[in-house]
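Enquirer: Build me a model from this:
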Amino acid sequence: MPLLENGRIAEDRWVEAVDGAPLPDGAVIVPFARLEEGLARTGTAPLGVAIEPDMAVEQLRVALPRLGLVAVTFGSFRDGRAFTQARALREHLSFNGEIRAMGKPLPDQYEFMLRCGITTVKTERPEDVTVWQQAHEMFSVAYQPSTLHERPQGLGLRRFLS
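Expert: Below you'll find the predicted structure:
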């Protein structure tokens with residue numbers, strides 16, 4: 001499937017590192033186990049990291065200023081931990097880079113992904129892009145707070161929790 005950004009196909013400048021192979025030049029996404037190796041690279045090529053759903057994003061705190069992308073993994077439609085990870089990266093760790101959804105996210109989840117701070121989606125399944133575009137345009141009002149810069153709807157009780 002192509003890379004989606006805001007419901008449209010976008011160019012993917014990132015390459016995923018292959019286990020056991022040397023890291024390629026340019027923008028590369030490494031698994032968390034190879035993050036130190038990626039950080040030790042010389043040059044100014046962008047670095048991204050792919051994390052598993054069971055990982056606490058707090059472990060990335062020190063490396064985040066040097067990362068341009070964090071990829072969260074959707075293992076199945078029943079596993080919502082990637083939503084929590086994306087939200088924590090945006091709200092608690094103030095990460096401003098790209099957050100990419102990988103694995104097996106569903107088009108039904110697309111708008112929720114965007115509201116949690118995910119910026120791009122690349123799934124393992126071959127799917128029609130128009131389904132994702134329709135899912136992006138389906139909802140115009142949401143009641144829950146979002147990481148997007150938008151006017152709050154409803155009572156906005158979350159502002160009292162800060």
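Enquirer: where does the closest residue to Asp79 other than its chain neighbours land in three-state SS?
Expert: Of all residues not flanking Asp79 in the chain, Pro53 sits nearest, at 5.7 Å (C-beta to C-beta, 6 or more residues apart in numbering). C-betas here are computed from N, CA, C, even on glycine. Under DSSP: H, G, I helix; E, B strand; the rest coil, Pro53 falls in the coil class.
Enquirer: Contact partners for Arg66?
Expert: Arg66 makes contact with Leu39, Leu47, according to C-beta atoms under 8 Å, 6 or more residues apart in numbering.
Enquirer: What distance do you get for it to Glu11?
Expert: Separation of Arg66 from Glu11 (C-beta to C-beta, to the nearest Å) stands at 23 Å.
Enquirer: Wait, the residue nearest to Asp79 touches Ala82, no?
Expert: Yes. Using C-beta atoms under 8 Å, Pro53 is in contact with Ala82, at 5.9 Å.
Enquirer: what residues are shared contacts of these two?
Expert: Common neighbours of Pro53 and Ala82 (criterion: C-beta under 8 Å, 6+ apart): Val72, Thr73, Phe74.
Enquirer: Tell me if I'm right that the first one and Ile118 touch.
Expert: Right, the one you point to is Val72. Yes. Counting by C-beta under 8 Å, Ile118 is a contact partner of Val72 at 7.1 Å.
Enquirer: Give the phi and psi angles for Leu4, as a check.
Expert: The phi and psi values for Leu4, taken as degrees, to the nearest 10, are phi -110, psi 140.
Enquirer: and the spatially closest residue to it that is not a sequence neighbour, what element?
Expert: What sits nearest to Leu4 in space, not counting adjacent residues and going by C-beta to C-beta, 6+ apart, is Val121, at 4.5 Å. Applying DSSP states H and E as the criterion places Val121 in strand 120-123.
Enquirer: tell me how far whichever helix or strand comes after that strand is from the chain's mean position?
Expert: Toward the C-terminal end, the helix or strand that comes next after strand 120-123 (DSSP H and E) is helix 129-138. Centroid separation for helix 129-138 versus its chain: 18 Å, with C-alpha atoms, centre = their mean, to the nearest Å.
Enquirer: Return helix 129-138 as PDB; C-alpha atoms alone will do.
Expert: The C-alpha trace of helix 129-138 is given here as PDB (Å, rounded to 0.1, in the frame of the first residue of the first chain):
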ATOM      1  CA  VAL A 129      -6.800   4.300  -1.400                       C
ATOM      2  CA  THR A 130     -10.300   5.700  -2.000                       C
ATOM      3  CA  VAL A 131     -11.600   3.800   1.000                       C
ATOM      4  CA  TRP A 132      -9.000   5.700   3.200                       C
ATOM      5  CA  GLN A 133      -9.900   9.000   1.600                       C
ATOM      6  CA  GLN A 134     -13.600   8.400   2.300                       C
ATOM      7  CA  ALA A 135     -12.900   7.500   5.900                       C
ATOM      8  CA  HIS A 136     -11.000  10.800   6.300                       C
ATOM      9  CA  GLU A 137     -13.900  12.900   4.900                       C
ATOM     10  CA  MET A 138     -16.700  11.000   6.700                       C
END
